[in-house]
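*Asks:* No letters, just coordinates:
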């Protein structure tokens, strides 16, 4: 595989579009430290599918995007394109339609990366296999980096096998085999899982068959049940329909009868009103007829008395007749005797006629007296008849007047009782009339309740608004507390991890001096480059007690063959001892180490005395004997020192985060308490409004009842007042008629002397 060009855009330090042409033969890139030479190799590895951000010397994969400078803004994406010569058509068949393969990887900030081959989207796996088939790749030994030769020399057989496979060009086959094995294992797993699923499905199928039989039986029974229910419902409906029809017919008939009854009632009511209107004349006529009837009864009584008297008279007359018959018999007997006597008397008469001629005048006077007596008797009989008739009329009139007077008195008493009852009803109604003060008080209570409801609703609305605001504030404080807790947990986790990683290594009973050193932040790489693996040696008390193969011990000034104590560092170099707190055993070593800028290191290296060395903050090393080490790969000691400084910083941040989390939790509790108080206030306000609404409803019902009762009482009072007026009018009329009847009865009583006259006349 021949790489022809490499194009970069926004990748690390290559902010502008940069294209590197790779011709046949040897192509090299020269430049000072920091110019971006390593970025080109990382770009090659990145476009070939590198997924580890640590291999890119970044904290995250997004860090490969240009981060910006003081004069240029950061970019949001980075893109690297690799051009391959495919004129021999050795690429995979799906990409073998072009002489040049353009492999592009593009990453956007916070969006991930994507691959394209000749402008078409591709998978990272396709890119990986493509390069593995060409005996290269992101992690292939074909890409040699700093320190990799030593790694290859010291590599294990397995790692060397990878090198040989890459050289033989079978890495792609191994990847495919690995993928195939993974797929086969996944297929086996799926088959095993499928067997389990089939077994479970078989069990489920048996259960489902049983359930299906039960369901089928259930459907059959349900169908029969629905049919039976439908028949029963139809029968019930038919019965109900017939009953409803008969009820409707009966209702119509009842309505017709009701209408007829209502019409009859209306007609009868009208007739009753008409009859009531004509009742008084009938009552007057009845009174008249009663008077006549009374008079007739009196006459009938008189007639009965007269009949009795006539019967007695007839009996007397019969007795008289019997007596007269006896007298007649006696007279006939006497008559015979009288005839005899007449004969005797005739004789005497003749004798006497002669004597009677002188008594004619006396007889005439007796006849005239008899006529006068008979006239007087006739006048007396006429007078008796007149007096009897007049007495009968007076007695009849008196009885009529007494009856009418009794009726008038009864009417007056009845009218007085009715008037008293009506007045009592009026008094009761007046007593039942609601008090105006109570009515006004009830109205005032309703107004106060309305104000209470409005106030409660307003407070409830204010409480709801406050609850909404407090809820939003609570959410913010909860989110802040969650963020603080997340940050705290992250810091705790990171601190615990770093503390575990930085735990002093005591496998052989000795603590390395690295764990006893504290370095100023930013100088970790410099100290690591200056001391290197020497930092792993422990510190011993004295030579007699030294048991470690490698260790530090305190050395007298004359025991060293290094530069003399007065041999200072070159001008421009800062002693590293001022940036490090270390045991005294390292004092002489640190005193001969200076910190310089990376650009000044080569120049100042020439002025170093034996035993001295210069380091940069980035980790570059210049030794007095000409040895130079660049900072491309930081040492483990530097990383450990950086992690210790990071741990110290994290512990400070952890304390701050703990305090912040506690404050956030306290603020959350306060917000929850305020929210609970606001919700409770809102509930109380709504409860007060509801209670006031209930009281207002009851008060309005009571007020309406009082007003309705007042209106009803007022209406009844008016009707009762009208009834009082009518009753008083009736009472006055009855009293007037009673007075008239009494006056008429008094007039009749003045004529009560007819009995004496009748007695005299008799």
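*Replies:* Now that the structure is in, tell me what you want to look at. All values reported here derive from a predicted model rather than from experimental measurement.

*Asks:* What are the contacting residues of stretch 684-693?
*Replies:* 449, 452-453, 456-457, 459-460, 463 (Cβ atoms under 8 Å, 6 or more residues apart in numbering). (C-beta placed from N, C-alpha, C; glycine too.)

*Asks:* shaky segments in the stretch 451-600 of the chain?
*Replies:* 498-510, 513-514, 533, 536, 541-549, 556-567 (pLDDT under 70).

*Asks:* That one: helices as residue ranges?
*Replies:* Applying DSSP state H, counting those that start in this stretch to the stretch 451-600 of the chain gives helices spanning 524-531, 587-591.

*Asks:* looking at those, which is buried most?
*Replies:* helix 524-531 (a mean of 27; mean count of other Cβ atoms under 10 Å).

*Asks:* helices and strands around that one, which ones?
*Replies:* When contacts are defined as 3 or more Cβ pairs under 8 Å, 6 or more residues apart in numbering; DSSP states H and E, helix 524-531 packs onto strand 613-615, helix 636-749.

*Asks:* Quick one: mean pLDDT for stretch 714-726?
*Replies:* Averaged across stretch 714-726, the pLDDT comes to 75.

*Asks:* Could you give me the buried positions within it?
*Replies:* If you call a residue buried by 16 or more other Cβ atoms under 10 Å, then stretch 714-726 has these buried ones: 716-717, 720, 723-724.

*Asks:* how distant is that stretch from the center of its chain?
*Replies:* 55 Å (Cα atoms, centre = their mean, to the nearest Å).

*Asks:* circling back to that earlier point, would JSON lines of the helices of the stretch 451-600 of the chain with distance to residue 691 be doable?
*Replies:* Below are the helices of the stretch 451-600 of the chain laid out as JSON lines (distance: least, Cβ to Cβ, whole Å):
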{"stretch": "helix 524-531", "distance to residue 691": "73"}
{"stretch": "helix 587-591", "distance to residue 691": "83"}
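
*Asks:* I'd like to know which of those helices lies nearest to residue 371.
*Replies:* Smallest distance to residue 371 across these (Cβ to Cβ): 192.1 Å, for helix 524-531.

*Asks:* got the end-to-end distance for stretch 15-28?
*Replies:* 21 Å (Cα to Cα, to the nearest Å).

*Asks:* Go ahead and name everything in contact with that stretch.
*Replies:* Against stretch 15-28 from outside (Cβ under 8 Å, 6+ apart): 2-9, 29, 40, 66, 72, 75.

*Asks:* and which of the contacts of stretch 684-693 is nearest to residue 732?
*Replies:* residue 449 (52.5 Å).

*Asks:* For that closest one, which non-adjacent residue is spatially closest?
*Replies:* Counting by Cβ to Cβ, 6 or more residues apart in numbering, residue 449 lies nearest to residue 696, which is 4.0 Å off, once chain neighbours are set aside.

*Asks:* My guess is the one you found contacts residue 454. True?
*Replies:* No. Taking Cβ atoms under 8 Å as the definition, residue 696 is not a contact partner of residue 454, at 10.8 Å.

*Asks:* Neighbour count: the two, which is higher?
*Replies:* residue 696 (20 against 12; other Cβ atoms under 10 Å).

*Asks:* Next one: the more buried one from residue 315, what distance?
*Replies:* Applying Cβ to Cβ, to the nearest Å, the value for residue 696 to residue 315 is 99 Å.

*Asks:* Please enumerate the strands of the chain.
*Replies:* Counting by DSSP state E, the chain has these strands, from start to end: 2-9, 18-21, 77-85, 100-108, 112-117, 120-122, 518-519, 574-575, 580-581, 593-595, 613-615, 621-623, 628-629.

*Asks:* Out of the ones you listed, which one sits most buried?
*Replies:* strand 613-615 (a mean of 28).

*Asks:* Paired strands for that one, with orientation please.
*Replies:* Applying DSSP bridges, strand 613-615 is found paired with strand 593-595 (parallel), strand 621-623 (antiparallel).

*Asks:* what about it, average pLDDT?
*Replies:* pLDDT averaged over strand 613-615 gives 86.

*Asks:* Now do it: everything it contacts.
*Replies:* Contacts of strand 613-615 (Cβ under 8 Å, 6+ apart): 526-527, 529-530, 569-570, 573, 576, 592-596, 601, 604-605, 608, 621-624.
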